[in-house]
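# I'll drop the sequence and a predicted model, then ask my questions.
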Amino acid sequence: MNNTFKAACIQQSVANNDKAQNHAHTAQAIRDLANQGVKLVVLQELHSTQYFCQTEDTDVFDFAEPLAGDEAHSVQFFQALAGELDIVLVTSLFEKRAAGVYHNTSVVFDGDKLAGKFRKMHIPDDPGFYEKFYFTPGDNDPDDAFNGFKPIETRLGKIGVLICWDQWYPEAARLMALAGADILCYPTAIGWDINDDKAEQTRQKNAWTMIQQSHAVANGVYVISANRVGWEASPEGNGLGIQFWGGSFIAGPQGEMLAHADDDKEQNLIAEIDIKRSEDVRRIWPYLRDRRVDAYQHINKRLID
């Protein structure tokens, strides 16, 4: 395992649902980063198309692809690219697991090897984010290496992938850290409701950044959060839509901001990762050592009455 390497995340806008065009646009950014010596690249959530969950439309299921076989075009494309550039690549795809069973899935490639996958566990259902219509939550099978909160082994360390709404849950980050994750990666698609005023928008974006920095602090790990950017109109053509707020970032194991994107333009972020630093931080802030595991028996309840 390489203890020190360059990591990056790509923040992009998505203008249409042409997968080939969007893949080419993303591939160019990945190539640019690889040419700068980057070894780990994290992409934003559902980067192959526009964010289609603003409405409920059964035709959208046609965008989904299996992860294996002749129809796994996105997997084949990014696997070949990661192999050609010899990088670790964290993608985010709309998976067709079976007829009627679809997932929001991150597939991680280590060179030309499919190192593992993570299926989004927490699925939101809010105005403009109707994800429960499209996505089945990931399984939590302790006997399946590809299910639940399990980090993915790569040459650069163990990658704990969590997707967008997963990023608000400290339990998810903690379970990944307890399972040995060196880095938490969050492919994301989050933005503002146009009806919210500027003060509310600022509070939301600050909270989003803060909660993920807190995961870095509480677990002594690096965090890479890749969000999309730009305006995407509602498919219903009603004047509504989402202004994705960008703000992608890379934070160190004390929550320190190593790289931070703007909220209004495409950017590639690069930061130096030193896996040994996580151990150094945990030695002086031993949160995992001092956890009272004997006193947390109610943590798996919805509420404590």
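Yep, it's here.
# strands paired with the helix or strand hosting Val223, and their directions?
Secondary-structure assignment from DSSP states H and E places Val223 in strand 222-227. Partners of strand 222-227 in the sheet, by DSSP bridges, are strand 183-188 (parallel), strand 249-251 (antiparallel).
# For the longest one, list the C-alpha coordinates in PDB.
Spelled out, it's strand 183-188. The C-alpha coordinates for strand 183-188 follow below in PDB (Å, rounded to 0.1, in the frame of the first residue of the first chain):
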ATOM      1  CA  ILE A 183     -10.600   7.300   3.500                       C
ATOM      2  CA  LEU A 184     -14.300   8.100   3.300                       C
ATOM      3  CA  CYS A 185     -15.500   9.000  -0.200                       C
ATOM      4  CA  TYR A 186     -18.900  10.700  -0.800                       C
ATOM      5  CA  PRO A 187     -20.200  10.900  -4.300                       C
ATOM      6  CA  THR A 188     -22.900  13.600  -4.000                       C
END
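# And the next helix or strand after it, what does it pack against?
Sequence order places strand 191-193 as the next helix or strand after strand 183-188, per DSSP H and E. With contacts defined as 3 or more C-beta pairs under 8 Å, 6 or more residues apart in numbering; DSSP states H and E, the packing partners of strand 191-193 are helix 198-219, strand 241-245. Using the backbone N, CA and C atoms, a C-beta is placed for each residue, glycine as well.
# Contacts for the helix or strand Glu95 falls within, please.
Glu95 belongs to strand 93-98 when assigned by DSSP H and E. Here strand 93-98 makes contact (C-beta atoms under 8 Å, 6 or more residues apart in numbering) with 46, 48-49, 61, 63-67, 74-75, 102-107, 119, 134, 136.
# Check stretch 22-36 too.
Under C-beta under 8 Å, 6+ apart, the answer for stretch 22-36 is 6, 8, 10, 12, 14, 16, 41, 43, 47-49, 74, 77-78, 81, 85-87, 89, 268, 270.
# quick one: average pLDDT of the strand holding Val223?
For strand 222-227, the mean per-residue pLDDT is 98.
# got the contact list for the closest residue to Lys6 other than its chain neighbours?
Using C-beta to C-beta, 6 or more residues apart in numbering and skipping residues adjacent in sequence, the residue nearest Lys6 is Val38, 4.5 Å away. Val38 is in contact with 6-8, 87, 270, counting by C-beta under 8 Å, 6+ apart.
# By neighbour count, which of those residues wins?
Neighbour tally across those (other C-beta atoms under 10 Å): the maximum, 27 neighbours, falls on Ala8.
# Next, work out how far apart that one and Val108 are.
15 Å (C-beta to C-beta, to the nearest Å).
# Kindly report the same for Gln21.
24 Å.
# Could you do Ala207 as well?
Distance from Ala207 to Val108, by C-beta to C-beta: 27 Å.
# Could you count how many residues lie near the closest residue to Gly246 other than its chain neighbours?
Using C-beta to C-beta, 6+ apart and skipping residues adjacent in sequence, the residue nearest Gly246 is Val229, 3.7 Å away. Using other C-beta under 10 Å, Val229 has 23 other residues around it.
# Val229 contacts Gln11, correct?
Yes: contact criterion C-beta atoms under 8 Å: Val229 and Gln11 qualify, at 5.3 Å.
# Which positions in stretch 231-247 come out as buried?
Neighbour-count burial for stretch 231-247, counted by 16 or more other C-beta atoms under 10 Å, picks out 232, 241-247.
# What sits closest to His298 if chain neighbours are left out?
Nearest one to His298, counting by C-beta to C-beta, 6+ apart, is Ile304 at 5.0 Å.
# Can I take it that that neighbour is in a strand?
No: using DSSP: H, G, I helix; E, B strand; the rest coil, the assignment for Ile304 is coil, not a strand.
# Next, work out how far apart it and Ala295 are.
12 Å.
# okay, how far is it across stretch 292-300, tip to tip?
15 Å (C-alpha to C-alpha, to the nearest Å).
# Give me the distance from it to the chain's centre.
28 Å (C-alpha atoms, centre = their mean, to the nearest Å).
# For that stretch, what does the pLDDT average out to?
94.
# same question, stretch 91-108
98.
# One more: stretch 234-252?
91.
# From Asn300, how far off is the residue nearest the centre of the chain?
In the chain, the residue lying closest to the centroid (C-alpha atoms, centre = their mean) is Pro187, at 1.9 Å. From Pro187 across to Asn300, the span is 26 Å (C-beta to C-beta).
# go on, Lys120?
20 Å.
# for Ile159, same thing?
25 Å.
# Between the two, which is the more surrounded one?
Ile159 (26 against 7).
# part of a strand, is the more buried one?
Yes: counting by three-state DSSP, Ile159 falls inside a strand.
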